[in-house]
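Student: Okay, here's the prediction I keep looking at, along with the sequence it came from:
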Number of protein chains: 2
Amino acid sequence: MQTEITPALVRQAAERIRPIAQRTPVLTSHSFDAESGVSAFFKCENLQKGGAFKIRGASNLVFSLSKAELEKGLIAYSSGNHAQATAIAARHVGAACTIVMPADAPHSKLQATRGYGANIVTYDRSRENREQITTAIIEKTGATLIPPFDHPFIIAGQGTAALELLEQAPQLDALITPIGGGGLLSGCAVAAKSVNPKIRIFGAEPEQANDTYLSFRSGQRVQVNSDTIADGLRSPMPGELTFAIIRALAEDILLVSEDEIRAALKFLLARMKILVEPSGAASAAAVLFRKLPPDVARVGVVLSGGNVDFDQLAGM
Amino acid sequence: MQTEITPALVRQAAERIRPIAQRTPVLTSHSFDAESGVSAFFKCENLQKGGAFKIRGASNLVFSLSKAELEKGLIAYSSGNHAQATAIAARHVGAACTIVMPADAPHSKLQATRGYGANIVTYDRSRENREQITTAIIEKTGATLIPPFDHPFIIAGQGTAALELLEQAPQLDALITPIGGGGLLSGCAVAAKSVNPKIRIFGAEPEQANDTYLSFRSGQRVQVNSDTIADGLRSPMPGELTFAIIRALAEDILLVSEDEIRAALKFLLARMKILVEPSGAASAAAVLFRKLPPDVARVGVVLSGGNVDFDQLAGM
């Protein structure tokens, strides 16, 4: 397997995913800029198909598979946006798709994933291991695993968000994305640096899920127990591939508190009228609460997704 | 004063307001179309400057005033989006602006309007009359009244939303907007019919604020007591100018319940990730709950605004 994530791989991805991924709009806001002290250009992946950037990576990998592979089906384990994205990409190519999800995942996510035609296998989080369940199904069916982040085609696919953003908003001097497993940040870093080698790359991570922050500081991958409202950023440690890229290309990882995430989400909703999920708002929170170096003037901010239940939103 | 609202007046307005009004995006949604049975093209005035279409009409009138008029200042009475729009337009031309608002208006609206530099005069809704207060200020200062809907320049300004929509989404067979005083619907009707004489025009009104519905049915303006969560649609009766146009050009007024408005708002938020206020969602509610004639296939839906407090939203 090719493990080097090159700009060419991202450009290939941009071509490959064109039939399914939206070119999402870039929005600006005078009031956000006034509050944050920078000019922010929001890449609205909350308006993406499936409600998150995840379709970019999932479809890039799924669309690269052979007919023989597709006939044996696809499988992913995820309780969140990657599950829906894999299901959407599988349906697009007519492949069977199994998603392994915890039995206590939000009803709306189970329903949405099922709605895209996926076969859901649930497991008990306290007693069962999702990797084991997934491996057992793969051994039986020969299905191809679509991993959530640590795969060159997933990373390259996520990077297409930055390729578009830099076309839509040229002359950025920095780019920031949220960090879960690091697929979005690493892909966007490769893409952005290939267009503008001087662009400064930042990741935003919850204080309560600071695995990449600690890994970045120590120089090696660190595992943490995450507990944050940003459910898409709870991955316990960065990926091998993603962390190598982040170490090489990112300038810093910026931490945001739970309150800052909530405040950013509410600001985006109240002032910009767009719904962003807590994970997706982490990047905006870092900018709004002025965590960027003071000499950053024009920053691209990836809002990574918008899938939040109304009840969860109402409780914030 | 010219009282005929011609297509030329709308085109003039489009030129005049260009320095201030956004060309808002038009969004589509597979899931909305699947649910409603039509292809809907959403004109997102919730993403407009000030959070609503009102800047179109207010700036069209304000920008048409003479220097001498502007020097005497502007005045409007409104507790809602028209107040903010008038304040924004006034600030743009450097004119003083007084807004007469009920003392119990939502704190966020008072604050937002003040934030745009307007001078707020509050009154007690139970004891005082806003028209009398406004008239007294006009007599003292010579300020120009910027009325909320029943003025040719206001109507023509609102119509620019439909002009844009028909450029962005050609080949619509119908257009629907919410109805408060009727400025948006009447302006959009004139504009849309001038581009496509066959387009069918509908208004959406809450069952609990059905003044235009009753007026349309009876052929004369009827006054009702309104009580709806769609606070922008609570005007007690249609305007003289607006009603004449609506009578001539609209095919029907469609009523929506409070629950249908809430459900549409939540659908737009959950599936399309955009925040629309209850008034703004009335048009989407009429389409989502299939109130349109069954032979309408492609409909333009004006989402008129997005200004809703987080607490109000959370309580829905």
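Tutor: Nice, thanks for sending it over. Numbers count the residues shown, from 1 in each chain, chains lettered A, B, ... in the order given.
Student: could you list every residue that touches the closest residue to chain B within the stretch 101-250 of chain A?
Tutor: The nearest approach of the stretch 101-250 of chain A to chain B comes at A:S108, 8.1 Å away (CB to the nearest CB). From N, CA and C alone the C-beta is placed, and that goes for glycine too. A:S108 makes contact with A:D309, according to CB atoms under 8 Å, 6 or more residues apart in numbering or on different chains.
Student: For stretch A:244-261, measure first residue to last.
Tutor: End-to-end distance of stretch A:244-261: 27 Å, with CA to CA, to the nearest Å as the criterion.
Student: Just confirm A:Q48 contacts A:Q22, I think it does.
Tutor: Yes - at 5.5 Å, A:Q48 and A:Q22 qualify as touching, with contact defined as CB atoms under 8 Å.
Student: Looking at the two, which is more packed in?
Tutor: For A:Q48 versus A:Q22, the count of surrounding residues by other CB atoms under 10 Å in any protein chain shown is larger for A:Q48: 25 against 15.
Student: Can you list the buried residues in the helix or strand that contains the residue of the stretch 101-250 of chain A closest to chain B?
Tutor: According to DSSP states H and E, A:S108 maps onto helix A:107-115. The neighbour-count check on helix A:107-115 (16 or more other CB atoms under 10 Å in any protein chain shown) flags A:109-110, A:112-113 as buried.
Student: Count the residues that sit near the residue in the stretch 1-150 of chain A positioned nearest to chain B.
Tutor: Taking CB to the nearest CB as the measure, the stretch 1-150 of chain A has A:N46 as its residue closest to chain B, at 4.7 Å. Here the number of neighbours of A:N46 (other CB under 10 Å) works out to 27.
Student: pretty sure it belongs to a helix, no?
Tutor: Yes - the assignment for A:N46 by DSSP: H, G, I helix; E, B strand; the rest coil puts it in a helix.
Student: residues touching it, list them.
Tutor: A:52, A:274-277, A:280, A:303-306, B:273.
Student: Using TSV, lay out those residues together with neighbour count and pLDDT.
Tutor: TSV is the format used below for these (neighbours: other CB atoms under 10 Å in any protein chain shown; pLDDT from 0 to 100):
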residue	neighbour count	pLDDT
A:A52	26	96
A:I274	25	97
A:L275	28	97
A:V276	30	98
A:E277	29	96
A:G280	34	97
A:L303	33	98
A:S304	33	98
A:G305	31	97
A:G306	28	96
B:K273	27	96
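Student: Go through these and name the one nearest B:A40.
Tutor: Closest approach between the contacts of A:N46 and B:A40, by CB to CB: B:K273, at 15.7 Å.
Student: tell me, what residue is most central in chain A?
Tutor: By CA atoms, centre = their mean, chain A has its centre lying nearest to A:L184, at 4.8 Å.
Student: From start to finish, how long is stretch A:251-259 in a straight line?
Tutor: This stretch, stretch A:251-259, spans 24 Å end to end (CA to CA).
Student: for stretch A:42-51, same thing?
Tutor: 15 Å.
Student: How about stretch A:94-114?
Tutor: Distance across stretch A:94-114, first residue to last, is 15 Å (CA to CA).
Student: Spell out which parts of chain A neighbour chain B.
Tutor: For chain A, the contact set with chain B under CB under 8 Å from any CB of the partner chain comprises A:25, A:27, A:46-47, A:51, A:266, A:269-270, A:272-276, A:306, A:309-310, A:313-316.
Student: What's the first helix or strand after the helix or strand bottoming out on mean pLDDT in chain A?
Tutor: Ranking every helix and strand in chain A by mean pLDDT, DSSP states H and E puts helix A:107-115 at the bottom, with a mean of 83. Where DSSP H and E defines the elements, the next helix or strand beyond helix A:107-115 is strand A:119-123.
Student: Neighbouring strands of that next one in the sheet, and parallel or not?
Tutor: Counting by DSSP bridges, the strands paired with strand A:119-123 are strand A:97-102 (parallel).
Student: before we move on, back to that, could you measure from the residue of the stretch 101-250 of chain A closest to chain B over to A:M316?
Tutor: Separation of A:S108 from A:M316 (CB to CB, to the nearest Å): 16 Å.
Student: Check the separation of the first and last residues in stretch A:246-256.
Tutor: One end of stretch A:246-256 to the other measures 18 Å (CA to CA).
Student: Okay, buried residues for that stretch please.
Tutor: A:246-247, A:249-256.
Student: now stretch A:306-316
Tutor: A:306-308, A:310, A:313.
Student: Taking those residues together, which two end up most distant?
Tutor: Using CB to CB, the buried residues of stretch A:306-316 span at most 12.2 Å, a distance reached by A:G306 and A:F310.
Student: would you list every one of the strands in the stretch 101-250 of chain A?
Tutor: For the stretch 101-250 of chain A, the strands defined by DSSP state E, counting those that start in this stretch cover A:119-123, A:144-145, A:174-178, A:200-206.
Student: Spell out which strands sit alongside the longest one in the sheet and which way each one runs.
Tutor: By that I understand strand A:200-206. When DSSP bridges is applied, strand A:200-206 pairs with strand A:174-178 (parallel), strand A:252-256 (parallel).
Student: do the same with the shortest one
Tutor: The strands that strand A:144-145 pairs with in its sheet are strand A:74-77 (parallel) (by DSSP bridges).
Student: contacts for whichever helix or strand comes after the partner strand?
Tutor: Helices and strands here follow DSSP H and E; after strand A:74-77, the next one along the chain is helix A:81-93. Outside helix A:81-93, the residues that touch it by CB under 8 Å, 6+ apart are A:19-20, A:49-55, A:57-59, A:61-63, A:70, A:74, A:76, A:78, A:96-97, A:99, A:101, A:109, A:112-113, A:116-118, A:146, A:148, A:232, A:305, A:307.
Student: Buried by neighbour count, from those residues: which ones?
Tutor: A:20, A:49-55, A:57-59, A:61-63, A:70, A:74, A:76, A:78, A:96-97, A:99, A:101, A:109, A:112-113, A:116, A:118, A:146, A:148, A:232, A:305, A:307.
Student: ok so, going back, so which of the strands of the stretch 101-250 of chain A is the most packed in?
Tutor: Looking across these with neighbours counted as mean count of other CB atoms under 10 Å in any protein chain shown, the highest average goes to strand A:174-178: a mean of 29.
Student: what sits up against that one?
Tutor: With contacts defined as CB under 8 Å, 6+ apart, strand A:174-178 is touched by A:161-162, A:165, A:184-185, A:188-189, A:192, A:199-205, A:230, A:232-233, A:254, A:279-280, A:282-283, A:286-287, A:292, A:296, A:298-302, A:304.
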